[in-house]
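# structure here, sequence nowhere to be found:
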C-alpha cells in the first residue's frame with residue numbers, strides 16, 4: 001500500500017503571469033500490504049487451527065472456510081497521521097488430489113484517517129481478490145513443505161494517489177515457500193518466505209493528472225512456534241514476521257517524492273486457538289493480536305501498528 005504526500009504552493013498557468021495557489025495532499029510511501037496479502041494471517045487461516053498430526057497424511061475434509069473480523073490502528077513517524085481500519089477478512093480453502101490446495105481471500109474495511117486531530121478521510125472499501133494454488137510435500141515424518149503460486153486481482157481502480165486505501169489496486173503475482181518441522185510431540189516450528197510483484201497501472205492524483213504507478217515488489221519472512229494440547233483442544237502460536245516493500249515507482253515523477261520509498265515492517269504476533277466438533281464438522285475459534293513498526297523512519301513509515309482479530313473457521 002502506498003500513500004502520497006504532495007504539495008504545490010504556486011503554479012504558473014501561462015506566459016501572461018497568470019498564477020494561483022494550489023494546495024493538494026497526497027502520499028507516496030510504502031506501508032503494510034493490503035489485508036489479503038498479509039502473510040501471517042494467511043498462514044494462520046490456511047489449515048485447521050488445531051490438529052493432532054499436522055505433518056502426517058491423515059485424511060481430512062476437503063473444504064474449510066474462515067471469517068475474521070479485525071481492527072487495526074497505525075500511526076506515522078511524522079505528520080501526526082493516525083489511521084484506523086475496521087473490517088472483515090474471509091478465506092476459503094479447497095484441498096484436492098491429496099497433496100494440492102486452492103485458496104481464495106477477500107476483505108473489506110472501513111478506513112478512517114486523521115491528521116493533526118482533523119479527519120482527512122473516511123470510507124468503506126473492498127480489498128483485492130487473491131487466489132493461491134499450492135502443493136504439499138512431506139520430506140520426513142516430522143516435516144511438511146508447501147510451494148505455492150499467488151495471483152491477485154483488483155476489485156476497483158487504484159485510489160492510492162488520491163487517499164489512504166485498503167487495496168493495492170494492481171495485479172499482483174507471487175511465489176511462496178513455507179513449511180513446519182515437529183520439534184516435539186506438541187511443538188511445531190513454522191517458517192515461510194514469499195515474493196510478490198505488482199504490475200504497474202494507471203492512477204490519477206487529486207489534480208486529475210495521470211501517472212504510471214506501481215507499489216513495486218514485496219518479500220515476506222515468517223518464523224513461529226506452535227503448541228497444542230489435543231485432549232483439551234487448546235493451542236497457542238506466536239512468532240515474528242517481516243515484510244519488505246521495494247522498487248516502488250511513479251511516472252511522471254512528483255518532485256516531493258523521494259526516489260527510494262523502500263520499507264521494512266517488523267511484526268510480532270500471538271494467537272490463542274480452540275478447536276471443537278459440532279455434529280460432523282470440525283470448527284475453530286481464535287483470538288489474536290499483533291504489534292509492528294517500520295524501520296524506515298525517514299521514508300514516512302509507521303511508528304507503530306497494532307492489529308487484533310477474532311476468527312471462526314469450519315471444515316466441511
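Perfect, I can see it now. Owing to the predicted nature of the structure, the values given are computational and were not obtained by experimental measurement. Numbering: from 1, shown residues only.

# going forward, measure contacts between C-alpha atoms and count neighbours the same way
Fine.

# now do the SS call for residue 207.
Assigned by DSSP: H, G, I helix; E, B strand; the rest coil, the conformation of residue 207 is coil.

# return the distance of it relative to residue 162.
Relative to residue 162, residue 207 is positioned 9 Å away (criterion: Cα to Cα, to the nearest Å).

# for residue 137, same thing?
44 Å.

# cool, residue 112 as well?
Taking Cα to Cα as the measure, residue 112 falls 14 Å from residue 162.

# next, name the residue at the spatial heart of this protein.
If you average the C-alpha coordinates of the chain and look for the closest C-alpha using Cα atoms, centre = their mean, you land on residue 38, 2.5 Å from that point.

# tell me the pLDDT of that one.
We note a pLDDT of 93 for residue 38 in this prediction.

# before we move on, back to that, more neighbours: which of residue 137 and residue 162?
residue 162 (21 against 14; other Cα atoms under 10 Å).

# can you list the weak-confidence ranges in this protein?
For the chain, applying pLDDT under 70 flags the ranges 1-33, 47-60, 230, 254-260, 297-300.

# and with 80 instead?
In the predicted model, the chain carries pLDDT under 80 at residues 1-33, 47-60, 157-164, 203-209, 230-232, 251, 253-261, 278-279, 296-300.

# just the helices from it, written as ranges.
39-46 (DSSP state H).

# quick one: stretch 172-184 to chain centroid distance?
Mean C-alpha position of stretch 172-184 versus that of the full chain (Cα atoms, centre = their mean, to the nearest Å) differs by 16 Å.

# what does it rub up against?
When contacts are taken as Cα atoms under 8 Å, 6 or more residues apart in numbering, the neighbours of stretch 172-184 outside the stretch itself are 55, 142-153, 188-199.

# stretch 185-198 too?
Among residues not part of stretch 185-198, those counted as contacts by Cα under 8 Å, 6+ apart are 170-183, 214-229.
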